[in-house]
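Undergrad: Have a look at this fold, sequence not included:
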DNA sequence: ATGTTAATTGGAACCGGTTTAATTAACAAA
DNA sequence: TTTGTTAATTAAACCGGTTCCAATTAACAT
């Protein structure tokens, strides 16, 4: 592998001049030509580590998330990567670790220029705030870290309101909820959206119709749906706070020989990949996941270039995607 | 951020000594204590770029794939990351680009120590072989690059054989196939597995029962299933070469009011996330995707440490996961 | 007291870039 | 001819580590 010194020797100039050519600084045209020829001849590629050491910049962003495969974080990764690639940055992905100090390691050792943290759990909160105080560039996606760190979030409240309103307009008056963990901010906001929609249409809120799924996964949905069905007066529609829980609910219904949406309308939350794949296709509140990644990455780059200096919180809007599971459209049209 | 020089000064030793302490080389116990104290006091973290420059090593592996969200590559990423993290390596993910030369860039600029390439398409084949000739560490997952590059693959043939045999044993004699692109090696092998299973049970192979999905996606499955149903004598079971195509096929069937598995048994391939999520849960050939990532990462690390020098090809075994869509088990047991 | 050996440690060079300050060359003005 | 100005280039220092080689010190045998 050729180095800048070899290029300089072959071109008959100093390495400072080669560096200038590489960085498009003013150089005599004749000299530039000679250097370019040498670069081509040696198939030279500047060493990123040497460059990074000198410029104190890795051109790498770190992403910390619970997983990358899941229905949620996959698209987020895609969005981030897309933006970074266009700006000649790379993306290191790392699963969230138990040891909090590990969070800081990549930043402190200058392996990455900034960190995007995507996790709904309150993990590493202290560590994050400490890093923020040291002025490391940090963006949180969908987190619970608070005002002091820049973030990208979604309007959970509005999404829940829209979903509930949609079901009400379809004629449902008893609408069950399969919630996420009540300690999560998102769950609280979504529940508020649900309540406010009921109120707008003068429908009573009934606590027994709200059941809390311990996580956002399929099995929770299936279990909680069974609970709702066992009520003296079961709901005719159910709104789950994740697509997977909605699908779990449908599993429960189909196993009992009930039909969706005829016997029970179901609405999910996320518009993850499985929502369109499932049958019946799932009506759901769309979270713009790819866009969240895109916005987070742009924000990070802006912070690094000094364009953005204050802490900001971007709230992306949700939208209702109507498919077959709520009964608003026929399945063969979906 | 403290540097090794500051640590050295505070500890009253030379930076060579600090370096020795950091790298656990023999140092007088008393000296080590002083150095460790200085490190702690300054909250010192060695600069990865400087270290990398000196050691000619980034401790980063690059992964190039078509996407990271998909049902397939997500778990692969998880597997790779898991192994790397344990060995204090990081993972840069990058989508496959059209420009072939980009493949080489990260390697040549020493941003990564090696490249794992996961793509069924014959992309960058020339570029990959060129890099291999320059002795860059490369591992291909599920690729079509040939003998010259180390790889991790699955036994497509056996998986298809098992799936077909399973359907035959359930009593089916006319088994449709929704294949992947016939130019892909996997498709060819899977088709061979299908044929050999038929042969073993003295069933005739009929070309009309094989329809080729242009990609591995849902819409292909739906379209090809419609084609199979339109045959004068349609199959009673269908084997799709991906879970998504199997699900597409089921969409087609359910829309026509047919029931799965009663009217048509369906088997997929991948055992991706959607296979368990779908209803009816999908019988499918499991590809150990996480394990593929794990094996690829281990292989890469072995190459880097010099333990593994020859080109090797690891073939992982598939297994049939029986769920409800093939009719072998009742749905409420699934 | 002197020589030998082993254990520690420090100075300096190096990895491959960028950048600042100094040098050289070319040319115009005095 | 001398001096000032400008443009282009280079030498050298620096980024923050690792490591080779030599120097120092301590311990021990002669």
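TA: Done, it's in. Predicted model, so just to flag it, every value in this text is computed and none were measured.
Undergrad: what about the lowest-mean-pLDDT helix or strand in chain A, near chain B?
TA: Lowest on mean pLDDT, DSSP states H and E among the helices and strands of chain A sits helix A:101-108, with a mean of 85. Yes: using CB under 8 Å from any CB of the partner chain, helix A:101-108 reaches chain B at A:105-106, A:108. Placement of C-beta: from N, CA and C, glycine included.
Undergrad: just the residues you listed now: which is nearest DNA strand C?
TA: residue A:108 (19.4 Å; CB to the nearest atom of the strand).
Undergrad: What sits closest to the closest one if chain neighbours are left out?
TA: residue B:45 (3.9 Å; CB to CB, 6 or more residues apart in numbering or on different chains).
Undergrad: can you count the residues close to that neighbour?
TA: By other CB atoms under 10 Å in any protein chain shown, the residues close to residue B:45 number 17.
Undergrad: what separates it from DNA strand C, distance-wise?
TA: Counting by CB to the nearest atom of the strand, to the nearest Å, the separation of residue B:45 from DNA strand C is 18 Å.
Undergrad: got a list of what that residue touches?
TA: The contact partners of residue B:45, by CB atoms under 8 Å, 6 or more residues apart in numbering or on different chains, come to A:105, A:108-109, B:1.
Undergrad: out of those residues, which one sits closest to residue A:66?
TA: Within the contacts of residue B:45, the smallest distance to residue A:66 is 18.2 Å, found for residue A:105 (CB to CB).
Undergrad: Counting neighbours, what do you get for that closest one?
TA: When neighbours are counted by other CB under 10 Å, residue A:105 comes out with 17.
Undergrad: and what of residue A:153?
TA: 18.
Undergrad: Which stretches in the stretch 151-300 of chain A count as strands?
TA: Taking DSSP state E, counting those that start in this stretch as the test, the strands found in the stretch 151-300 of chain A are A:151-154, A:175-179, A:210-212, A:237-240, A:265-270, A:283-286.
Undergrad: circling back to that earlier point, name the nearest of the contacts of residue B:45 relative to DNA strand D.
TA: residue B:1 (6.6 Å).
Undergrad: remind me which residues of the stretch 51-200 of chain A are low pLDDT?
TA: Applying pLDDT under 70 to the stretch 51-200 of chain A flags residues A:98-100, A:122-123.
Undergrad: Quick check: residues of it near chain B?
TA: A:52-53, A:58, A:60, A:67-71, A:74-75, A:77-78, A:81-82, A:85, A:90-95, A:97, A:105-106, A:108-111.
Undergrad: Need the per-residue pLDDT for the residue nearest to residue A:108.
TA: Residue B:45 carries a pLDDT value of 96.
Undergrad: Give me the buried subset of the residues of the stretch 51-200 of chain A next to chain B.
TA: Listed as buried from these are A:52-53, A:58, A:60, A:67-71, A:74-75, A:77-78, A:81, A:85, A:90-95, A:105-106, A:108-111; burial here means 16 or more other CB atoms under 10 Å in any protein chain shown.
Undergrad: Narrow these to those in strands?
TA: Among those, the members falling in strands (DSSP state E) are A:60, A:90-95.
Undergrad: okay, those residues in CSV with distance to residue A:252 next?
TA: Formatted as CSV, these follow (distance: CB to CB, whole Å):
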residue, distance to residue A:252
A:60, 45
A:90, 44
A:91, 39
A:92, 40
A:93, 35
A:94, 36
A:95, 31
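Undergrad: Now for those residues: which two are most distant?
TA: Across those, the longest distance by CB to CB is 17.7 Å; it joins A:90 and A:95.
Undergrad: quick one, helices of the stretch 201-334 of chain A?
TA: Assigned by DSSP state H, counting those that start in this stretch, the helices in the stretch 201-334 of chain A fall at A:218-229, A:243-255, A:273-277, A:289-305.
Undergrad: Would you agree residue A:274 is in contact with residue B:277?
TA: Yes: counting by CB atoms under 8 Å, residue A:274 does reach residue B:277; the two are 5.4 Å apart.
Undergrad: and for these two, which residues touch both?
TA: A:244, A:247.
Undergrad: for DNA strand D, what are the nearby residues on chain A?
TA: A:12-17, A:20, A:26-28, A:30-31, A:50, A:53-54, A:56 (CB under 7 Å from any atom of the strand).
Undergrad: Now a ChimeraX select for only the buried ones of these.
TA: Applying 16+ other CB under 10 Å to the residues of chain A next to DNA strand D leaves a buried subset, and the ChimeraX line that selects it is:
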select /A:13,17,20,27,31,50,53
